[in-house]
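S.K.: below is the sequence, then the predicted model.
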Amino acid sequence: MTGSRFLALLAAVYGLLIVAEPARAHPHVWVTMQSELVYAPDGTITGIRHAWSFDDMFSAFATQGYESKVKGEFTREELQPLAQVNVESLKEYDYFTYVKIDGKKVKLKEPAPGYYLEWKDAVLILHFTLPFEQPVKTREMVVDVYDPSIFVDFSFAKQNPAKLVDAPAGCKADVALPREMTFAEGKALSQVPADQPNVAMAIGAEFANKILVHCP
Amino acid sequence: MSWFARRSAFTQSLLIVVIVLAIAGLIDAASAAPFGASASGAPSPVDGFTGWILMKQAEFYRMLSGAIRAAKADGTAAFGLMGISFAYGVFHAAGPGHGKAVISSYLVANNETWKRGIALSFISAVLQAVTAVAIVAVAAVLLGATSKVMGDTVRIIEIVSYGMIVLIGLRLVWVKGRAFLRALAPPQGPQLAHAHAHGGSHAHGHHDHGHHHDHHHHAHVHSEACSHGHHHGHAHDHDHDEGHAWGHAHAPEPSELTGKHWLRRGLAAVVAVGLRPCSGAIIVLVFALAQGIFWIGIASTFVMGIGTAITVSAIAMLAVAARGLAGKIAASKAGGGILLLRGVETAAALAIVAFGALLLTGYMVSERMIGV
């Protein structure tokens, strides 16, 4: 074996290690979301109202150490300290919510008071509203909800994923589902044999959750 | 053998160091992207092999919750849970935070055997499971602490763990780097050896400050390796003793590597890596606890650890094989190719420092602990 071949091998091994190491963590938290865009009477959008349902494992983890009168059930009041922890730590992650109009970022304020956690069917649901810094009148808007580090996996609820509240007539919200593929991508994926992993294509994150707002 | 062979041994070694560091540098780009991207708006795609592994891990992780619920209703379902835990461990270790890179670099730098590589990988994986169980048992079961308290605890442990990785790397850089420099310019006379020895005492003091553990562990190696104490008189230490005491700074013969002190020497690295529990295990444990079947959660955590150990070992084996190959090539070269070997070892040691520093500064995120 020559020195250069050895060098290539060594580089390959290290490459493997290093490629594997910063591989991002897989999700540890799953959120099913329902989101609403809230309009003011003057037709401006004032903010986003989120309702995020967490998965059962994370819900059990998050409520660890919180006391409740009924075992395994929590009231809104009992969960209020946890809701505060959640909302405060979400700030660091920009609430995973990115709003854009014409490619320009819309600034969001901290969640309005009145946020709360609900315990329903053994899972937590976090209700909170993100007001826009400036209410904005627009015909088109895009809201992305995702975690760049994929620690939290967001997906829309099957029912009522996105809604416009008090919107002017004719406005509607469409949802671009995650992992929704173009025809070409779908075709390419279908050509990967069923018994083989898909190693050729991007999976997941680039197909973020989008709410698309259109007004006539 | 083309252009590469025509270079001098020094250039070759330097090239290896540069290449390894350049690859290590890629981590920057790779890991910085998601965070940089958070500002620009579009998440970077997760593709190929990594994407597939990510998907598999997530799949098995999702199955855990159902399996734990099933085990609660019917004890025999616990077997299924163990199978899923094992599979999750195998895939999960391929993700970040299980010290594959640190352990592998450590094995390369210290020229450890594959058996020791496997042993160290298993110890670190089991230690990770132990830490996870200990945190949940003490914080949640005994103290009734909240998930936030557990998260904060893990963050402190993380900092200690990453700090240890940096220190272990620095020590190795010191040892291997000096050996590398010595191979570059062999000592001409006793004066030079004396100067080297002084450098040694300096680093010694430095380590003593930040890293008591490692130091103690060293003291052991010292007393074992040298019959006359290194710390007593540097002046009459000759090169051989010094190299020996500092973990085989000169070309180690296979016979020198036998004996128990490889374990003590490796323990610091293994503890640094294994100290940090994986967040998945903690969530599973708390979930099992909430279901009233904590012991099943503990069993699942250890089975996960075994799965993790297998993946980490496999990757570590690659590193050991590459190092073995380097040894063979070096042996075929004039002068035993010492320079080449020392270069590889120094590069591996530098890589450990790089990993530790990136983790410590949060530039390379290992695995986030519950931020929501």
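M.R.: That came in fine, so what should we check first? Remember, predicted model here, so these are calculated numbers, not experimental data.
S.K.: okay, now the closest residue to chain A within the stretch 101-250 of chain B: neighbour count?
M.R.: Nearest residue of the stretch 101-250 of chain B to chain A (CB to the nearest CB) works out as B:T146 at 3.4 Å. C-beta coordinates here come from the backbone N, C-alpha and C atoms, glycine included. Neighbours of B:T146 under the rule other CB atoms under 10 Å in any protein chain shown: 20.
S.K.: so how far is A:M57 from it?
M.R.: 16 Å (CB to CB, to the nearest Å).
S.K.: how about B:A140?
M.R.: 14 Å.
S.K.: how many other residues sit next to B:D152?
M.R.: B:D152: 15 neighbours (other CB under 10 Å).
S.K.: shouldn't it be within a strand?
M.R.: No: going by DSSP: H, G, I helix; E, B strand; the rest coil, the assignment for B:D152 is helix, not a strand.
S.K.: mind checking pLDDT for it?
M.R.: Here, the pLDDT recorded for B:D152 equals 85.
S.K.: picking that back up, B:A140 and A:M57: which has the busier surroundings?
M.R.: A:M57 (26 against 23).
S.K.: ok, which stretches of chain A are helices?
M.R.: Listed in chain order, the helices of chain A (DSSP state H) span A:3-20, A:56-63, A:76-90, A:183-190.
S.K.: report the contact partners of the residue of the stretch 101-250 of chain B closest to chain A.
M.R.: A:64-66, A:82 (CB atoms under 8 Å, 6 or more residues apart in numbering or on different chains).
S.K.: and which of those is nearest B:A70?
M.R.: Using CB to CB, A:Q64 is the member of the contacts of B:T146 that lies nearest B:A70, at 21.4 Å.
S.K.: confirm for me that A:D153 is in contact with A:W52.
M.R.: No: counting by CB atoms under 8 Å, A:D153 does not reach A:W52; the two are 11.5 Å apart.
S.K.: so for the two, which sits in the more crowded spot?
M.R.: More crowded of A:D153 and A:W52, by other CB under 10 Å: A:W52, with 25 against 21.
S.K.: partner residues bridging that one?
M.R.: A:M33, A:L126 (DSSP bridges).
S.K.: could I get the contacting residues of it?
M.R.: Contacts of A:W52 by CB under 8 Å, 6+ apart are A:31-33, A:125-126.
S.K.: can you rerun that using 6 Å?
M.R.: With contacts defined as CB atoms under 6 Å, 6 or more residues apart in numbering or on different chains, A:W52 is in contact with A:31, A:33, A:126.
S.K.: could you tell me how many residues sit around B:L325?
M.R.: Neighbour tally, B:L325, other CB under 10 Å: 16.
S.K.: mind checking how far it is from B:A348?
M.R.: 14 Å.
S.K.: with B:R171 instead?
M.R.: B:R171 is 13 Å from B:A348, by CB to CB.
S.K.: the more surrounded of those two?
M.R.: Counting neighbours by other CB under 10 Å for B:R171 and for B:A348 shows that B:A348 has the greater number, 29 against 23.
S.K.: per-residue pLDDT, the more buried one?
M.R.: For B:A348, the model assigns a pLDDT of 86.
S.K.: and the one 3 residues further on, by the same measure?
M.R.: On pLDDT, B:A351 comes in at 85.
S.K.: my guess is it meets B:S105, correct?
M.R.: Yes: applying CB atoms under 6 Å, one finds B:A351 in contact with B:S105, separated by 4.6 Å.
S.K.: looking at the two, which one has more neighbours?
M.R.: Applying other CB under 10 Å to B:A351 and B:S105 shows that B:S105 carries more neighbours, namely 33 against 29.
S.K.: buried set for the helix or strand containing the more buried one?
M.R.: Secondary structure assigned from DSSP states H and E places B:S105 in helix B:100-110. Across helix B:100-110, burial judged by 16 or more other CB atoms under 10 Å in any protein chain shown covers B:100-110.
S.K.: cool, and stretch A:113-126?
M.R.: Within stretch A:113-126, the residues scored as buried using 16+ other CB under 10 Å are A:115-119, A:123-126.
S.K.: now the strands for chain B?
M.R.: B:46-47 (DSSP state E).
S.K.: can you pull the contacts of the closest residue to chain A within the stretch 201-350 of chain B?
M.R.: Residue of the stretch 201-350 of chain B nearest chain A, by CB to the nearest CB: B:A290 (4.0 Å). Under the criterion of CB under 6 Å, 6+ apart, the neighbours of B:A290 are A:A60.
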